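J.: What follows is a protein structure lacking sequence information:
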């Protein structure tokens, strides 16, 4: 019999601890080895229980989840899944947690009314399985890029508003993608080609994510709306729970945002975006598939390559999860395999 995944639940709400413990325990491959009401209790239980994965509440008494996560990543790194409130503040704090070292997150059952309790627990169980495969490295948190890039946005290209683009960059990512995308986009100059992005995230989180990137990057980054133009110096991120497709009218590229059924278990789906880019941009595009679990986007990237686009995959060494890139490589959809730090310059050289 395969070894069970040992999970420690850290949450100040007794109700949430009970809900998660009961729901997750129904999975034969998951064992709840303990719960903790705050980080100080969690610290002692981590040493004695040695969990494989931790679920961590963002807001807790005595020490907030971010401060605890910083200490954990520096001294005893483990895969951590954040359990977040679906609020603006909760979204921003969750993005900070991903920056500090958390591998993934789910929205709290009591807050996310768009899903049933069973769906939330099922999603968390799946993410626990994914997290258990990740080898987390020690990470000492340093000053955020906000302090590094101050003033770099002032050179954004004003003519982008009236200029159509003949080059498109399409990027897809999932687990680990929030930090990987940041590392790529902050390196791009304000005259970069138009960029369309799918990052697997729920509603509200994509808006907070886009706003955060916009504060760091020389290009403009925003959550996409239906009929938004894809223009130089701008990156559009698919909104949570909506597919995003590229369209073309004459020389103008724009996006269509809609709620068609899930593809590859996702909405937004990288597959949907890449297939549309293959159809409407063809050889005028560059496709990039980055860190993430599963195979979303692999088939679409192959269609992009067959349509004449140049294609890039992030390499295994720099991925949090080498799932999506691996599947694309297996399909023969990838021209170039690169470490994360070389992707921005390569994108620019190809366009």
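T.: Now that the structure is in, tell me what you want to look at. These numbers were taken from a predicted model, which means no experiment stands behind them.
J.: helix or strand for residue 255, which one?
T.: strand 252-258 (DSSP states H and E).
J.: residues of that strand that come out buried?
T.: 253, 254, 255, 257 (16 or more other CB atoms under 10 Å). For the C-beta atoms, the positions are set from N, CA and C on the backbone; glycine is no exception.
J.: and that strand, how far out from the chain's middle?
T.: Chain-centre distance of strand 252-258: 21 Å, with CA atoms, centre = their mean, to the nearest Å.
J.: do stretch 235-250 as well
T.: Worked out by CA atoms, centre = their mean, stretch 235-250 lies 16 Å from the chain centre.
J.: mean confidence score for that stretch?
T.: For stretch 235-250, the mean per-residue pLDDT is 96.
J.: measure that stretch end to end?
T.: Stretch 235-250 has an end-to-end distance of 20 Å (criterion: CA to CA, to the nearest Å).
J.: Which of the residues in it are classified as buried?
T.: 235, 236, 237, 238, 239, 240, 242, 243, 244, 245, 246, 248.
J.: Among those, which ones are in strands?
T.: Using DSSP state E, 235, 236, 237, 243, 244, 245, 246, 248 are the members of the buried residues of stretch 235-250 that sit in strands.
J.: What is the most widely separated pair among the buried residues of stretch 235-250?
T.: 240 and 248 (25.0 Å; CB to CB).
J.: number of nearby residues for residue 122?
T.: Close neighbours of residue 122, defined as other CB atoms under 10 Å, add up to 16.
J.: let me fix that: residue 75
T.: 10.
J.: And it, what's its pLDDT?
T.: pLDDT at residue 75 comes out at 91.
J.: With residue 306 instead?
T.: Residue 306 is given a pLDDT of 98.
J.: Isn't it up against residue 278?
T.: Yes - if you go by CB atoms under 8 Å, residue 306 and residue 278 touch, sitting 7.2 Å apart.
J.: could you say what helices and strands the helix or strand harbouring residue 221 packs with?
T.: Element membership for residue 221, per DSSP H and E: strand 220-223. With contacts defined as 3 or more CB pairs under 8 Å, 6 or more residues apart in numbering; DSSP states H and E, strand 220-223 has these neighbours: helix 205-216, strand 234-237.
J.: Among the ones you listed, which comes closest to residue 347?
T.: With CB to CB as the yardstick, what comes closest out of the helices and strands packed on strand 220-223 is strand 234-237 (11.6 Å).
J.: Direction included, what does that closest one pair against?
T.: strand 194-199 (parallel), strand 220-223 (parallel) (DSSP bridges).
J.: could you dump those to CSV with mean pLDDT?
T.: Formatted as CSV, those follow (pLDDT from 0 to 100):
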stretch, mean pLDDT
strand 194-199, 98
strand 220-223, 98
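J.: Pick the most deeply packed of the ones you listed.
T.: Ranked by mean neighbour count, the strands paired with strand 234-237 are led by strand 194-199 with a mean of 28 (mean count of other CB atoms under 10 Å).
J.: Which positions in stretch 73-86 come out as buried?
T.: 73, 78, 79, 80, 81, 82, 83, 84, 85, 86.
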